[in-house]
Structure formats: structure tokens, C-alpha cells
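Novice: Sharing a sequence plus its predicted fold:
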There are 2 protein chains.
Amino acid sequence: MPADLSLLIPGRARASRVLLDHDLADLAGLAGGRAAIIVTDGNVRRCQGPRFPGWPVVEVGTGEAAKTLATVETLARALIAARVDRRTLVVGLGGGVVSDVTGFVASTLLRGVPFAFAPTSLLAQVDAAIGGKNGVNLDGFKNLIGTVTQPEFVLADHRVLETLPAAERRSGVAEVIKAAAIGDAALFTLLEADVDAVLACARPAVARVVERAVRIKLRLVAADERDDADRRLLNFGHTLGHAVERVFGFSHGEAVAIGMVAAARVSVARGLLARGDAERIERLVRRAGLPAACPPGRWADLLAAIEVDKKRVGGRQSGVLVRGIGEAIVADVADGEWQEALA
Amino acid sequence: MPADLSLLIPGRARASRVLLDHDLADLAGLAGGRAAIIVTDGNVRRCQGPRFPGWPVVEVGTGEAAKTLATVETLARALIAARVDRRTLVVGLGGGVVSDVTGFVASTLLRGVPFAFAPTSLLAQVDAAIGGKNGVNLDGFKNLIGTVTQPEFVLADHRVLETLPAAERRSGVAEVIKAAAIGDAALFTLLEADVDAVLACARPAVARVVERAVRIKLRLVAADERDDADRRLLNFGHTLGHAVERVFGFSHGEAVAIGMVAAARVSVARGLLARGDAERIERLVRRAGLPAACPPGRWADLLAAIEVDKKRVGGRQSGVLVRGIGEAIVADVADGEWQEALA
């Protein structure tokens, strides 16, 4: 079922629209006669190109390695060559890397041009394209340079997920599990029933879980766009996850899965969470084909990576724990607690 | 006389403070015990270094050539190495290039860290450091990538101007003349009396004109932070000026002076401005040691440069004309009108 949600940041004049289970063909109408330019990558263009509206297309590289200031420069130059001006709509049509880079360039080119996203990965539809965070990496540290700027709209067409590799679907499911664990017990139950259908990209199942996951994110972002309070709950699984991603080279979704299972164990050790609920999280992670633990050893490297992340944000990179499925809190987690949860 | 002004953008929770005729020594108190890092350039450090607060110092290159994404990357890396976090105050202490680059990096590093400016050129004190526009150039086009983000505060110490080369003082005076022409007839009269004292950096004269010029800019920015309406009046002298700067290589202030004299002539030709008032503008420009005209010829190049600028902003780069000293309007100016004014 198509859903028209919106994100209104307090004090902001206009809401950002979030259109779920819509059709790529709706993009033309949303542009409303304005000139528009599509930013995508080669993979997405190969799979979905025939369904693009007839606008000029600019490509960026694929994968996390493309998230650099060099790509920003190349993309800005390409948009200028395609005659972008302050009224042109720039549409990032692709996965999380496309939306992260497109959002950053559009937020800064000519000091800001209108932009929108049509996310094509499950992870981008439930997470990366929602909430206005954008940016690029520097020296291997993620999203070190970026802004928080809301797109005019996000349009998610779930049919595009059918061409997605299985590993990428699993990565997206990890963020859906996260959303459920921190904010929606009913979504968690729904996932326990439907995870196979979601992984198979069966459209009614996908539409149901994406809408619920997006609603959780929109609620947290509306309350705290700049990430000082509520929005930090979205980091469930990410404190340790980022370190695991960096040290072992797991995909983002896999690393978050490992991080969530560890955070659930810390929550149990603190008496916040029933052991049975932690087991439900671990079981769902495994059923989604995601890892629940990382290889043993390398604790010193993981600790160093957690420390760097903490320093980066002024000591505010605390852990997120759950006290019951569907309810999360921000908490200071000692290094020893993470280590025990991994053991 | 020290002046404490402030810029409050409607809907924004906190005002940006503008402290004029203050002392660099006040910076420490304004940081209020927070960690801070100074961004400056080699020239400013040589002249003013002994007066810097005892914070870590990071240098960027000098001149317009330093306004690139490469500098953004280098500066971001240097700030990370200096252990910046989301609570560290980053202080751009220098001229317009330092504030443009520092403002952009601070607005995007870790998606935004607190920042402030201590402008050390007359041009930066009356113009570049005020109003929140920041950014870098791309392929020779000015400020193609940037944001509009207000600094926490701007502190102008007019004593630092004493070490400024004469050409740079003249450039600053050009922007003061601009402010007077578009918004303050009394400031224009004051300048006619005091221009020599301002060029000599006599402090009471400088403090008087800087405060009046800054008040005009703050009024226009508060009404129109994003440059869709009133703020465009600040472009007086800049439409043709940018073209002259690009084609002939004049300094920004010199180019703006030439642009203002030409715009005044267009205003006279349209019957908006008395001939005597146009002569007052030209006379003041010359008394400040600024050029009132560019060498003959190269009209085609100038026209091409104006066109590029227009396209860049979606046809909205109109001219600014004056109808009496102290009152400006935005108007469509035909190429032929610029050409006649230059002839």
C-alpha cells in the first residue's frame, strides 16, 4: 500500500515528504515541470535505467570507496556541465552511497539546490535516504564531512529491490531489525513472521515493514534533527558495529547485526533486558542470514576503533541499550562490558 | 567605541553576535573554557601571532588560490589531528579566504562544529566574515560550493588593520562605499569626510564606518539569509565586478569599484539617479585610490563572464541599481546597458 508520510522539523517552513511503495514513474510529476538531473551509479543504471525519467543522468562510482571529496568535486563539475542552477531538482537515484554523496553536493553546490532521493536498496529505503544526514568519508573515517539537510522528498519504489543481491537485502533487514528493537515491538513480531518474505522482496511484506521502520526514524529525527538526544537511539548496534566494520571489514548491515546482539547481551548483563528477549534478537538476526558474532581476538583493535569514534564526537558516542524489545536508552557502556558481550 | 551587535535569523533559536572594535584578547573569554583551535594563514600569523590566544594553530594557504576542496580536505585532516570534536570552538582568524574556508569546513566537519571569526582585513570585517556565507571555488568560479551557516560570533579588532597593505585597505573601503550607496546616505557623507582617515586606519574613523556598514549588512541578511530578495542588494557593483575580476584580474575591491561606477551610470541613464550623485560615487571611489573604469576592449569576454554567472544562479543574477544614494533596487539590466556604461 502506498504511504505518504512527512517529516516536519520544528521551526522549518516546509515538510520533507516521504513517499513509500510509490513508482519511479511518479518522479516526473513530483518535479512539476522543473528541470531535473539524476545522479546514480553504474549498477543502478544498468538494472533500472529503462525506468528512469528522461532527465540528464550523471554517474558516480560505486561502493563506500566513492564517498570522498574527490567524488564531490567530480560530481559538482558534472552537474555544472549539465547546467544545474538554483532551481534545478537534483535526484539521487541509488543506494546509500548515492544519497550520501548527492545530498552533500546538492546541499553545498551554489550554497544549496533542491534535491530528492529515490533509494534503490532496502538499507537506503529504511535508513540512509531518510533523515537528512549526508556526507563523505575522510581517511577511512565515515561521514566525517557532511551536513544535515532534508531532501524535498524521498520516493521509495519497492519493485527496484528485486534486482538487489541477497547480501544487500540482508544488510537492509539489519536496519529494520534495529528500528523494531528500539521503537516498535509489533514490527519486531511482524519481522519474526515475515523475514523470509522480506528477504525474498515480496512486495506486501516489504511495504509493511519499510513503512513501520521509516515511521520510527521520522519520529526520532523530528524530535532531534541534529543528533543530540533521541536520534542517538538510532545508533543501536552501531557503536561496536562501526568498530567491527572497520576492523574486520564486515558490510555495514552485518556489522550492525553483530553490534545489536552484543548490545542486547550488555543489556541483559545490566538487568535491563530479559534473557529471552536477547535471544529473540539473536535468533532474528540469524534467521536473516546475518552474523551474530565476530571472529575471536582483535579486541585491542576493536577498542581502539571505538575510542577513535568516541573522540570524534566529543565523548558523546555512548552505547545504546534496550530494556525490552521496542524500547531503547542511551547509556555509558564500559569497554569491559563490550568485551564480555563479545566473549 | 566597542559595539555589540547581533544577527537573529527568524525561526533560529540563537543569535550570532557581532562584536566590533573589540580586542583579540577577548577571544579567550568568549570561548568560555571550551577547547578551541585557531585557523589562520602564514601572513596573519607572522603579523598578529603574538596576540593570538594560546590555542593550537592550523594554517591554510594565502589568497584566492587556497579556496579549493583540496584545502578543505587538508584543513579537515589538520583539525582532526588537533583533536577537534563537536564541542570544540574553531576560530577563523584572518581575511576573507580564511573565513570562507574555515566557515565551510566547520559547517561540515562532523556535520557541524561551533565556529567563530576574528576578521583581520577591512574587507572581512565589513563584509566577508558577516552574514554566514562560506565556501570554496571550483574551476575558477567563485564560491561554487559552500553553505550559509552563521558563526557563533564575529570579533573585529580594528588594530590588526594597521599591518594591512594599502591595497587591501582600499579593497575594504570599496565594500564600505557599497554599503553606504545601497543603504546609508549618512555613511556615504561620513566617508566623503573621513576616507583618508579610514585608509590610514585611524581607529575612531574605522570604528565609525565599520559599525554603520555592518549594520546595513546585518539588516539585509536578517531579512533574507538565503539571498532570494533583499540580500541581493549587497551585489551592487558585483554583477559587472565579478566579470571584471575574472577577465582583467583586478582585486575584488577594485573590481567592485569599477562595477559600482558602471551601475551608477546605468542608474543615471535610466533616470533613476541624479547625475550629481553618480559623480559623488565616482569621486569617492577615486579618492579611495580605487579604479573607476577598466581598460577598453574585451567586451565579449566580459559579456561571457556575466552570462556564466547568470546561468550559475538560474537567471537570478540581476543587476543592482541605485535610485539616490542610500537606496538600491534589483533590476534586469540588458547587456547593452553595461556596455554603454563602460564606454
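Specialist: Right, received. Where do you want to start?

Novice: Enumerate the residues of the stretch 51-200 of chain A near chain B.
Specialist: A:69, A:72-73, A:76-77, A:80, A:83, A:85-88, A:104-105, A:107-112, A:133, A:135, A:138-139, A:141, A:143-148 (C-beta under 8 Å from any C-beta of the partner chain). All C-beta atoms are positioned from the backbone trio N, CA, C, and that covers glycine.

Novice: chain center to stretch A:319-338, what's the gap?
Specialist: For stretch A:319-338, the separation from the chain centroid amounts to 20 Å (computed by C-alpha atoms, centre = their mean, to the nearest Å).

Novice: about what we covered before: buried among the residues of the stretch 51-200 of chain A next to chain B? Need that as a selection in ChimeraX.
Specialist: Per 16 or more other C-beta atoms under 10 Å in any protein chain shown, the buried members of those correspond to this ChimeraX selection:
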select /A:69,72,73,76,80,85,86,88,104,105,107,108,109,110,111,112,133,135,138,141,143,144,145,146,147,148
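
Novice: Now the lowest-mean-pLDDT helix or strand in chain A - C-alpha only, PDB.
Specialist: The weakest-scoring helix or strand in chain A, judged by mean pLDDT, DSSP states H and E, is helix A:299-312 (a mean of 80). C-alpha atoms of helix A:299-312 as PDB (Å, rounded to 0.1, in the frame of the first residue of the first chain):
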ATOM      1  CA  TRP A 299      39.900  -6.900  21.000                       C
ATOM      2  CA  ALA A 300      42.600  -4.300  21.200                       C
ATOM      3  CA  ASP A 301      41.900  -3.200  17.600                       C
ATOM      4  CA  LEU A 302      38.200  -3.000  18.300                       C
ATOM      5  CA  LEU A 303      38.800  -1.000  21.400                       C
ATOM      6  CA  ALA A 304      41.000   1.500  19.500                       C
ATOM      7  CA  ALA A 305      38.300   1.900  16.800                       C
ATOM      8  CA  ILE A 306      35.600   2.500  19.500                       C
ATOM      9  CA  GLU A 307      37.900   5.100  21.100                       C
ATOM     10  CA  VAL A 308      38.500   7.000  17.800                       C
ATOM     11  CA  ASP A 309      34.800   7.100  17.200                       C
ATOM     12  CA  LYS A 310      34.200   8.500  20.700                       C
ATOM     13  CA  LYS A 311      36.800  11.200  20.400                       C
ATOM     14  CA  ARG A 312      35.400  12.200  17.100                       C
END
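
Novice: Return the set of buried residues in that helix.
Specialist: A:Leu302, A:Leu303, A:Ala305, A:Ile306, A:Val308, A:Asp309, A:Arg312.

Novice: Check which helices and strands it is in contact with.
Specialist: Contacts defined by 3 or more C-beta pairs under 8 Å, 6 or more residues apart in numbering or on different chains; DSSP states H and E place helix A:299-312 against strand A:141-145, helix A:238-248, helix A:335-342.

Novice: what sits up against the last one?
Specialist: Judged by C-beta atoms under 8 Å, 6 or more residues apart in numbering or on different chains, the contacts made with helix A:335-342 from elsewhere in the structure are A:239-240, A:262-263, A:265-266, A:269-270, A:293-294, A:299, A:302-303, A:306, A:319.

Novice: Now for these: which two are most distant?
Specialist: Between any two of the contacts of helix A:335-342, the greatest separation by C-beta to C-beta is 21.4 Å, found for A:Arg270 and A:Cys294.

Novice: re earlier: the least confident helix or strand of chain A to helix A:335-342, inter-axis angle?
Specialist: Counting by axes from the mean of the first three to the mean of the last three C-alpha atoms, to 10 degrees, helix A:299-312 lies at 130 degrees to helix A:335-342.

Novice: distance between helix A:299-312 and the chain's centre?
Specialist: On C-alpha atoms, centre = their mean, the centre of helix A:299-312 falls 22 Å from the chain's centre.

Novice: Show me which of the buried residues of helix A:299-312 is closest to chain B.
Specialist: Using C-beta to the nearest C-beta, A:Arg312 comes nearest to chain B of these, at 6.6 Å.

Novice: Pretty sure A:Arg219 sits against A:Ala179.
Specialist: No: using C-beta atoms under 8 Å, A:Arg219 is not in contact with A:Ala179, being 10.3 Å away.

Novice: Low-confidence ranges, chain A, go.
Specialist: Filtered on pLDDT under 70, chain A yields the residue ranges A:310-317.

Novice: the helices in it, which residues?
Specialist: In chain A, the segments counted as helices under DSSP state H are A:27-31, A:42-48, A:69-81, A:96-108, A:122-123, A:166-183, A:185-199, A:203-223, A:238-248, A:252-269, A:275-287, A:299-312, A:335-342.

Novice: Let me have these in CSV, adding distance to B:Ser251 as columns.
Specialist: CSV is the format used below for these (distance: least, C-beta to C-beta, whole Å):
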stretch, distance to B:Ser251
helix A:27-31, 42
helix A:42-48, 45
helix A:69-81, 25
helix A:96-108, 26
helix A:122-123, 50
helix A:166-183, 52
helix A:185-199, 61
helix A:203-223, 45
helix A:238-248, 47
helix A:252-269, 48
helix A:275-287, 62
helix A:299-312, 39
helix A:335-342, 55
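
Novice: Which of those helices sits closest to A:Gly54?
Specialist: From the helices of chain A, taking C-beta to C-beta, the stretch that ends up closest is helix A:27-31, at 8.1 Å.

Novice: So which bits of the closest one are buried?
Specialist: Result for helix A:27-31 [16+ other C-beta under 10 Å]: buried residues A:Leu27, A:Leu30, A:Ala31.

Novice: and if you look at stretch A:198-213?
Specialist: In terms of neighbour count (16+ other C-beta under 10 Å), stretch A:198-213 has its buried residues at A:Val198, A:Leu199, A:Cys201, A:Ala205, A:Val206, A:Ala207, A:Arg208, A:Val209, A:Val210, A:Glu211, A:Arg212, A:Ala213.

Novice: Could you single out the nearest of those to chain B?
Specialist: Nearest to chain B among these, counting by C-beta to the nearest C-beta, is A:Ala213 at 22.5 Å.

Novice: Next up, the contacts around the closest one.
Specialist: Taking C-beta under 8 Å, 6+ apart as the test, what A:Ala213 contacts is A:Val126, A:Asp127, A:Glu175, A:Val176, A:Ala179, A:Ala180, A:Asp184, A:Leu187.
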